[in-house]
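Engineer: Let's see this in three dimensions:
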Amino acid sequence: MGAYKLSMTPSPCSKTRSFFGKALMAGAVVSALVFGCGARADREAIPAPAAKAPAEAPAPNLPRLSGIRVDPGYLYDMPEYDEDSLRGLVEMVAEEIVAGGFNTVFLYAYSPTFGAYYRTYYPSTSFDQTIGFQNVFPTLTQAFRRRGLRVVAVLPVNDFRQAWADHPSWRVKNADGSDYLPNLETHFLSVGHPAFQEWFKGFLEDFLRTNPNVDGLEALEPGFDLDWTGRVDYNAEVLKEYKARYPKMPKGKSWQVFRAALLTEHLGRFSTLAHRYGKESYLVQSWAVRRNGTLMSNEDIRAGLGLDWDGILNLPQTARPDWVNVELIHQQWRAQYGAKLFAPAWTSHATRAFTAFVAGRARTIVHAEYSEFKSKYGTYAASLAEVQAALAEAPALTEGQDVYGYHLWRALREAAQGR
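Structural biologist: Take a look at the predicted model:
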C-alpha cells in the first residue's frame, strides 16, 4: 500500500505507488511526486500537539488488533485458483490467516479501476466480471467471520473510474479547468461537489445493505493532489463555495486550508455513516518522511496532498475515525533516499512520533509491508523477519498493527518452508 510505491509489480490496492515506480524508472524528479519528499527537507519535524482533547477511552479488554490485508484481485495469481471452485480457495485462505495468528482482515471491497468484488448495480459503479460476479467479498467475509476474524472493508473515498467516466462535472480540476489526471490509473472526483457527495453516501449505503456483516469501514489513502502543487481542485462547485467564503481567487494558505477542509468534511461524513450503521471507522494513509528519517509536518501534508490529519482527529467523536493507520514502510524510504537509516528499527522511532501526534484522539495502528520497492539506489523488500522486527515495539506503542499483504506473506512463508 502507500501513496508512492516503487515496486515494479503493480498493486491493485494502491495505483499511485505503481505510478511512482514508473516515474523513478524513467528518471523523473521524484520530489515533485505525491508527497514531494525531499523537496521540503528544510521544514521542521512533526511536533506533538499541545492540549489536545483525548478521544474516549477504548473499551476495556479490547484485544490488540493484529491485521493482514487481503486484496481479492490477487486470488487470480494463486496456483490453487479455479473459477469453478472459488469457495474452496476462500476456505483455504481463511484457514491460513487463522493459522498465522491474525485476528483482523482488512479486505478490499472495491477496486477504483476494476470495480466491486461483490455484485452491485448501484449507478456509476462496476464489478469484477468473474470473482466480483461470484460475490467473492461476501464469501470471504463469511469465511473469515465464521473463524472469529474481524473484517474491515477497505473502500476508496474519491477514486472511482466508472463514476469519473459517467460524470465529467464531478472530476477534480486543474486551474485551467482541465481534468486532473496524475496518472493513468487514478480518477479523482471532487469531494466538494454536492452531487458526488450524495452519490458517495448512496454508494456506502448500498455497500452496507449488500454486506451488512462487516465490522468496520476503512477510508483508503484519502487525498487528491498527488503532485503537491496546490493547483487542484478548481472544480466549479468548489470555486463557488470558496468564493462565498473568500472574495479573491484561490491562492495561498487560505486555499490550502479550504480545500483540505472539504476532504475533512467528506471523511467526517464517512465516519458518521459508518457509526450510524454500527460499524467502526478506520483511516489509512502513508505519512511522508524526510531524508533524515523524521516525519513531515501535518501542515506540509495538508498543503500538499490535501489531507489534514489534525483536522480529522479534531472532528466530533461521531464524525471521527475510531482507528487511524499509518503506513511506515522502511524499505519504501530506503529506496526513496538510499539511506541506510531506513531499516526495520526506524519504524519504531517513526511510530512514536505518530502516536504522540495522535495524542489519544483515536486508536492507532502501524502498518508494515513485505512489498518490493525499486529505485536508482537499488531494490528493497522486507522479509518475514524484517517485518517482525519493524513491528517489534508496536505492542508498546499502538493499539494495533497490520501487514500488507496476504499474497506476499503467503509466498514468503512457502519459500521459507521449501515449498
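
Engineer: Poorly predicted segments of the protein, please.
Structural biologist: Filtered on pLDDT under 70, the chain yields the residue ranges 1-62, 249-251.

Engineer: could you pull out the strands for it?
Structural biologist: For the chain, the strands defined by DSSP state E cover 65-70, 104-108, 110-111, 115-116, 150-155, 216-220, 280-286, 323-327, 363-369, 373-375, 378-380, 400-404.

Engineer: Just send the ones you listed back as TSV, with mean neighbour count and distance to residue 166 too.
Structural biologist: C-beta coordinates here come from the backbone N, C-alpha and C atoms, glycine included. As requested, these are exported to TSV (neighbours: other CB atoms under 10 Å; distance: least, CB to CB, whole Å):
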stretch	mean neighbour count	distance to residue 166
strand 65-70	23	29
strand 104-108	26	22
strand 110-111	24	16
strand 115-116	22	13
strand 150-155	23	19
strand 216-220	24	21
strand 280-286	25	27
strand 323-327	24	31
strand 363-369	25	33
strand 373-375	22	35
strand 378-380	15	40
strand 400-404	25	31
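
Engineer: Ok, which of those comes nearest residue 389?
Structural biologist: Taking CB to CB as the criterion, strand 363-369 is the member of the strands of the chain that comes nearest to residue 389, at 9.5 Å.

Engineer: So which residues lie in contact with the closest one, not counting its own?
Structural biologist: If you take CB atoms under 8 Å, 6 or more residues apart in numbering as the criterion, strand 363-369 is touched by 1-2, 55, 58, 65, 67, 282, 284, 322-332, 347, 351, 354-355, 358, 382, 387, 390-391, 394, 397-405, 408.

Engineer: ok, now with 7 Å
Structural biologist: With contacts defined as CB atoms under 7 Å, 6 or more residues apart in numbering, strand 363-369 is touched by 1, 58, 65, 284, 322-329, 347, 351, 354-355, 358, 382, 387, 390-391, 394, 398-404.

Engineer: all helices for this structure, in order.
Structural biologist: Listed from the start of the chain, the chain has helices (DSSP state H) covering 15-25, 86-99, 136-146, 161-166, 194-210, 236-245, 252-276, 298-304, 309-313, 330-337, 344-358, 384-390, 394-397, 406-416.

Engineer: Tell me which of those helices is the most buried.
Structural biologist: Taking mean count of other CB atoms under 10 Å as the contact definition, the stretch among the helices of the chain with the greatest mean neighbour count is helix 330-337, which reaches a mean of 25.

Engineer: Of all the helices of the chain, which one is nearest residue 228?
Structural biologist: Counting by CB to CB, residue 228 lies closest to helix 298-304 out of the helices of the chain; the figure is 3.5 Å.

Engineer: what sits against the residue in the chain sticking out farthest from the centre?
Structural biologist: Computed with CA atoms, centre = their mean, the maximum C-alpha offset from the centroid of the chain is found at residue 247, amounting to 34.9 Å. For residue 247, no contacting residues are found, by CB under 7 Å, 6+ apart.

Engineer: Thank you kindly, that will do.
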